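Enquirer: need a structure here:
(chains A, B and C)
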Amino acid sequence: MAKTNAGNFFEDYTLGQVLEHATPRTVSGGERALYTALYPARHALYSSDKFAQASGLHASPLDDLIAFHTVFGKTVPDISLNAVANLGYAEGRFHVPVWPGDTLRSRSEVIGLKQNSNGKSGVVYVRTEGLNQHGTVVLDYVRWVMVRKGNLDAPAPETTIPELATVVDSEALFVPEGLDFSHYDFGLAGEPHRWGDYEVGEVIDHVDGVTLEEAEHMMATRLWQNTAKVHFDATFRPDGQRLIYGGHIISLARALSFNGLANAQMIAGINAGAHANPAFAGDTVKAWSEVLGKAETGAPGVGALRLRLVATKGSPAGALCGDDGRYLPEVLLDLDYWALMPL
Amino acid sequence: MAKTNAGNFFEDYTLGQVLEHATPRTVSGGERALYTALYPARHALYSSDKFAQASGLHASPLDDLIAFHTVFGKTVPDISLNAVANLGYAEGRFHVPVWPGDTLRSRSEVIGLKQNSNGKSGVVYVRTEGLNQHGTVVLDYVRWVMVRKGNLDAPAPETTIPELATVVDSEALFVPEGLDFSHYDFGLAGEPHRWGDYEVGEVIDHVDGVTLEEAEHMMATRLWQNTAKVHFDATFRPDGQRLIYGGHIISLARALSFNGLANAQMIAGINAGAHANPAFAGDTVKAWSEVLGKAETGAPGVGALRLRLVATKGSPAGALCGDDGRYLPEVLLDLDYWALMPL
Amino acid sequence: MAKTNAGNFFEDYTLGQVLEHATPRTVSGGERALYTALYPARHALYSSDKFAQASGLHASPLDDLIAFHTVFGKTVPDISLNAVANLGYAEGRFHVPVWPGDTLRSRSEVIGLKQNSNGKSGVVYVRTEGLNQHGTVVLDYVRWVMVRKGNLDAPAPETTIPELATVVDSEALFVPEGLDFSHYDFGLAGEPHRWGDYEVGEVIDHVDGVTLEEAEHMMATRLWQNTAKVHFDATFRPDGQRLIYGGHIISLARALSFNGLANAQMIAGINAGAHANPAFAGDTVKAWSEVLGKAETGAPGVGALRLRLVATKGSPAGALCGDDGRYLPEVLLDLDYWALMPL
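Expert: Residues are numbered from 1 along each chain as shown, chains lettered A, B, ... in the order given. Coordinates of the predicted model:
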C-alpha cells in the first residue's frame, strides 16, 4: 500500500463532501516578522500594538493575509495537488482577527462540480473555513479549481454550479469587535487620505516595484505549509521554472498598495480574484488599484472601500485587458476586495 | 597576540578534554517560524499547540532538529573549524523537548583520537551534550570528524577509538514525559498510517523535491550560529561554490519524509549518519526512507520506528550504493534514526 | 490629487521642522530570529536570556542594530526617498535597550540645510530619535543626506551647518541600567579578550567572509520597513542592479567582527559613519576593526572601546584610503562606534 499522498482527483470529490484538512498551526510573532521581511508590509494596525490599541483592539492582529494563506495552505494537499489551474475566488469574509498564539485549522465543503467536456478534468468548487482554537471561524471563502481526473473512465458527476455573489454585500462584512477609527492617527499611519477622499473609479498607481526571488517565494509558500510541487522543484516543469504561488503575488501587491492606500488597514472581504498570468523569479512586480465601491459600516469611524488590486509585470496603471477582452500578458493578479478605512 | 579564533587543530585535542562551547541561545517562536519557512515541515506535533496538548504535552515543542542544529552549531568553532570531513554520528538521543523560551548551550568531551597514517590529520571523536537553562541534558550524540594538524611535527596521540553502538537500544530511548498517542487524530496529522502499518524492509518514496538556494541554506546555517566559512564565502573554495551545511540536507529530507511518514512525529534517537556527497545550490533534493526496525515503548499509544532516511539528487528510491559498495554519487545523506509514532 | 507619497524634496525642509515618522512597530522574538538568520550574529548578551541575566539585565535585549535599523527605516519615506547619497552619521547614542514586545516609532528634527552650488540638490541634516511605547528615547543620532530639489526654482534656504561632535564623549554614553560585567563568563561569550587586552592602534582582521545574496539583503531591508526603491527593483537603475541598503553592510560587518571582538557586546554610540562604496549581490564582504580609543564607564566591570569597523570586498585589513586620500574602491563601510566590554 502506497503511503504517500497522491492527492485527490476530480472523480474523488462528491457534492456535500466535507474535508477536514491536516496540520493545525499555531502562529506567533515569528510569522509576523517573516511576513514583514518577505513583503513591504507597513499597515500600522498590523505593525504596532499601540496603534491597534488606539483603534480599539487589545493588540495588533496578524495580517489578514497571514490568516488567509495559512488557511489556504492546509487545503492544498486535499484540493489542489492535482490542480491544473486555480480559477477563482468568491464570497471571502474575514470574521475575526487572528492573534499571535492562535492555532488555525481548515475545513472545506465541496459545493459544486462540473466535469469538462474533454472528459479529462473538471472544476471543483469548495467553501473553505479557517477555524481558531476556540472553533470560531476566522475567515471563509469559496474557490474553484480545475482538477485532473485520475481515472478517465470514472463517470462524470451531476453538474452543480453554485450560485455565488459577484460581490460580498457590504452589510454582511464583519468589523472586528471594538474597532474604532474615531481617534485615528493619520500621521503615524503614513498618509492623510481618509475614506471620504477616495472616489469610485479612481485609479491609484502604487509606483514601487519589487523583483521576485526564488528564495523569497519559496520561503513564503513554505511558511503557509503549502506543498504544491510546482513552487519548489525546478525539475518539475519542462521549462525548469518554479511557478510562484499566487498568494505570494497577492501579498506583494497588497503591501505595495500601502503607497496610496496606507489607511486601507484591514481586509474585510474578498469578492473575486484571478491569477491572470503566472509569475516567475526575475519578474519585477508593480501594483495599481481602482476604487470600485464605497460603503459605510456600523463601527465608529470605520468605512469600507471596495478595491480592485492589480499586480503587473509591466503594463501601466489602469490597463487590465486587451481588445480581445482577455487579461494583458503582463497582468498577474486581479483581486476585488473590501478594505476597512477611517472615515 | 592574535584575537581571532583559528580553531583547534588535531594536536590540540586530548582524550577526556571537555569543551564548554560558547554562545548560549534562547530560542522562541521566531526560530519555529523560520524553520517552517526554510523546510516543508508539517509534523502536527511541532506545528500546533492544540495537537501537542491532545498528545499530553503542555505546548508544541520546537522541532527536534532545531534543538539538534542549535546544539551542533555551538560546537563548530571548537570542533570543526579545521575539519576536513564530518565522518559520522552515533548514539544520539533526544532526552527532553525544547520549548520556546528555553536557553541552550553545548558541551563536548573528547572520547577518541586517531592520527591518520599520512601524519597530516586525524580523527577526533566527541560526545556532545546540549543543555537547557535548568542544566538538563536535552540531547546528546557522538560525532567524529577528520581534523587537520596545524603543526605537522606535533606528536601523534595514543590511538583511542571509542566503542560505539551501531544502533541506540530502543529500551534506552527517552519518550517525553506525558506523551500519549492513545487519542491521536490521524486526520489532523495528515495520514492514516500507524506504527502497525509499517513493515521492516519497506521502502517509501517521499516523491516531492526541493531545489536548493544559496540564500536559504545560508540563512538556515546562520540561524544555528554555525560559522564554518565554507558555507558562506564563495571565494573560499577553488570552484567558487558554497558547500551546503549537512544539517540543511537532514532537515530538508526529514521534512520531505512527511509525505509517507506524517505520523513519525518525533525523533527519539540518531543511530548513524553519513553525509555521503556534498550538496550545492541548484541541486534538487528528494528523499526516501526504509524501515529498519520496530520497537515498543512504555508510553501509551507510542511506538518506535527505526528508519533510514536518504536524501538524493537523482538516484531512485531504494538505490543507495554502487557495485563497489560506495554511496552512489547522487546520494547526499544516509541517516539512521528512531522516530516515535502512534501505535 | 495624487495619493502616493513622492517623498520630500530639498525645498520641502525647513530648519527646526519636526517630522513624526509613520509606521510604529512592535518587535518580538521573530525579529531576533530573523536577525540571527540574516547575519552571523553571536554576541552572547543578545543571544541568551541567561547570559543577559548574569550581566544584570532582566532578559536579552534585541540587538542594538535591530533598534537602529527599525528607527532608521521609518525615516526613509520622509527623509531619503529622493536622496542622492547618505553622507554621514554623528552623535549616535543608544539610551536604553529595546526588548521583545516594545513598540518603536521615530521622530526627526531638521537641524541643518545647505543648498549645493549646482542648485539641483542640497544637504539636509536631521537628528532622529527612536522612542519606545513609554515615550522613552531608545536611541538618537544625526545623519545628513544629499536630497534632490523637486523645483529647481525654489529659493535656497539660509545655510545652516550644525556643529557636530567628531566623537561622542565617553562620559555622555549611556550604560544600560543594571549592566554589570563583574561576573562575566568569557568561556560562554566565546573569547578570552577583555577591555584591558586591546590597545589603541591595534588592527584586528575578522577573517571570515560572506557572499551577498539578493534575497537576503531585500528581506533584511524590508524587515526594517525601509522602502527605498533602489534596494528592491532591478529595473530602477540603468545597470539593472539592486543597491544594497548600507545598514545591511553595517550589520554584516558588526556580526563578522565577533571573531576578534566577541566581548564588544553592546553598541553604545556611533561617532561617525560613511558608506564608502556601494555593495551588490555577489560581493564577498570581509571586515576589520581598529581600536581608536578606550574609556572607563561608571558601571561595574564595564569598559568602553572606540572602534573603527571597516567592511571591504577585497582590500586587506588596515587598508582604508589610497594615496589620494579617498576610500579604496573595495571599502564599503567605515564606521566609528563605541562598544561596551568587560574590563
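Enquirer: contacting residues around residue A:20?
Expert: A:105, A:107, B:187-188 (C-beta atoms under 8 Å, 6 or more residues apart in numbering or on different chains). In this view, the C-beta of every residue, glycine as well, is placed from N, C-alpha and C.
Enquirer: Please read the previous query as pertaining to residue A:278.
Expert: A:243-244, A:332.
Enquirer: make it 7 Å
Expert: Contact analysis of residue A:278 by C-beta atoms under 7 Å, 6 or more residues apart in numbering or on different chains lists residue A:243.
Enquirer: one step back: could you tell me which of the contacts of residue A:20 count as buried?
Expert: A:105, A:107, B:188 (16 or more other C-beta atoms under 10 Å in any protein chain shown).
Enquirer: rewinding a little: is it possible to export the contacts of residue A:20 to TSV including secondary structure?
Expert: As requested, the contacts of residue A:20 are exported to TSV (DSSP: H, G, I helix; E, B strand; the rest coil):
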residue	secondary structure
A:105	strand
A:107	strand
B:187	helix
B:188	helix
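Enquirer: Could you single out the nearest of the residues you listed to chain C?
Expert: The shortest approach to chain C among the contacts of residue A:20 belongs to residue A:105, at 21.9 Å (C-beta to the nearest C-beta).
Enquirer: For the contacts of residue A:20, give me TSV that also has pLDDT and distance to residue A:69.
Expert: Below are these laid out as TSV (pLDDT from 0 to 100; distance: C-beta to C-beta, whole Å):
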residue	pLDDT	distance to residue A:69
A:105	98	14
A:107	98	16
B:187	97	22
B:188	97	19
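Enquirer: Please go through these and note which also touch chain C.
Expert: Subset of those in contact with chain C: empty, counting by C-beta under 7 Å from any C-beta of the partner chain.
Enquirer: Sketch out the strands for chain A, chain order is fine.
Expert: A:18-20, A:25-26, A:83-94, A:103-115, A:121-131, A:137-148, A:203-205, A:210-211, A:266-274, A:284-296, A:302-312, A:331-342 (DSSP state E).
Enquirer: Save those strands as CSV, and put in distance to residue B:282 too.
Expert: Formatted as CSV, the strands of chain A follow (distance: least, C-beta to C-beta, whole Å):
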stretch, distance to residue B:282
strand A:18-20, 36
strand A:25-26, 30
strand A:83-94, 27
strand A:103-115, 34
strand A:121-131, 33
strand A:137-148, 29
strand A:203-205, 37
strand A:210-211, 20
strand A:266-274, 33
strand A:284-296, 23
strand A:302-312, 28
strand A:331-342, 26
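Enquirer: Return the member of the ones you listed having the minimum mean pLDDT.
Expert: For the strands of chain A, mean pLDDT drops lowest on strand A:83-94, to a mean of 94.
Enquirer: Residue A:73: what's it in contact with?
Expert: By C-beta under 7 Å, 6+ apart, the neighbours of residue A:73 are A:224-226.
Enquirer: Now it. Nearest residue, chain neighbours left out?
Expert: Leaving aside its chain neighbours, residue A:73 sits nearest to residue A:224 (3.4 Å; criterion: C-beta to C-beta, 6 or more residues apart in numbering or on different chains).
Enquirer: which phi and psi does the one you found have?
Expert: When read as degrees, to the nearest 10, the backbone of residue A:224 gives phi -90, psi 10.
Enquirer: start to end distance for stretch A:320-332?
Expert: 10 Å (C-alpha to C-alpha, to the nearest Å).
Enquirer: List the buried residues for that stretch?
Expert: A:320, A:327-328, A:330-332.
Enquirer: Which one of the residues you listed is nearest to chain B?
Expert: residue A:332 (21.7 Å).
Enquirer: Please report how far whichever residue of chain A sits closest to chain C lies from residue C:70.
Expert: Going by C-beta to the nearest C-beta, chain C is nearest to residue A:33 of chain A, at 2.8 Å. Distance of residue A:33 to residue C:70, given as C-beta to C-beta, to the nearest Å: 11 Å.
Enquirer: Residue A:10 too?
Expert: Residue A:10 is 49 Å from residue C:70, by C-beta to C-beta.
Enquirer: try residue A:304
Expert: For residue A:304 relative to residue C:70 (C-beta to C-beta), the value is 32 Å.
Enquirer: Could I get the contacting residues of the closest residue to chain B within the stretch 1-150 of chain A?
Expert: Closest residue of the stretch 1-150 of chain A to chain B, C-beta to the nearest C-beta: residue A:30 (2.8 Å). Residues in contact with residue A:30, defined by C-beta under 7 Å, 6+ apart, are B:29-30, B:32-34, C:29-30, C:33.
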